[in-house]
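Colleague: No sequence on hand, only this structure:
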């Protein structure tokens, strides 16, 4: 991840200077940054550190489930805050599959209990 970060940083600086060289040399790289911009930058940096900790102490599947559940939570909260927002049938179907997969992953004995129960004649 660190190597990919440096790679992205290099290409980003090349793109900034290729497109906005005059503006950057005159006003500096951080021109027009306000407090909201710094909040978003800090939030993304903190989120990256959280993801790194999850991957270190858990595994990629847990990270994937957490990402999927956050997308579902964002969709549900969007219903509350944005009056013109509607959930599509694809979103609802995907949300249902994610919830089912999360339940099965967090409790793998569910399927084993059904297999081990005796069948009635």
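Modeller: Perfect, I can see it now. No experiment lies behind these values; they were computed from the predicted model shown.
Colleague: per-residue confidence at residue 51?
Modeller: Looking at residue 51, its pLDDT reads 81.
Colleague: Which residue comes closest to it once chain neighbours are left out?
Modeller: Leaving aside its sequence neighbours, residue 51 sits nearest to residue 63 (C-beta to C-beta, 6 or more residues apart in numbering; 6.2 Å). (Each C-beta comes from the backbone N, C-alpha and C, glycine too.)
Colleague: Please state the mean pLDDT value computed over stretch 57-74.
Modeller: In this model, stretch 57-74 carries a mean pLDDT of 82.
Colleague: pLDDT below threshold where in this protein?
Modeller: 1, 111-121 (pLDDT under 70).
Colleague: Helices of that one, residue ranges please.
Modeller: Here the chain has its helices, by DSSP state H, at 2-27, 35-57, 60-81, 89-106, 109-116.
Colleague: now these in TSV, with mean neighbour count?
Modeller: Output for the helices of the chain, formatted as TSV (neighbours: other C-beta atoms under 10 Å):
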stretch	mean neighbour count
helix 2-27	10
helix 35-57	11
helix 60-81	13
helix 89-106	12
helix 109-116	9
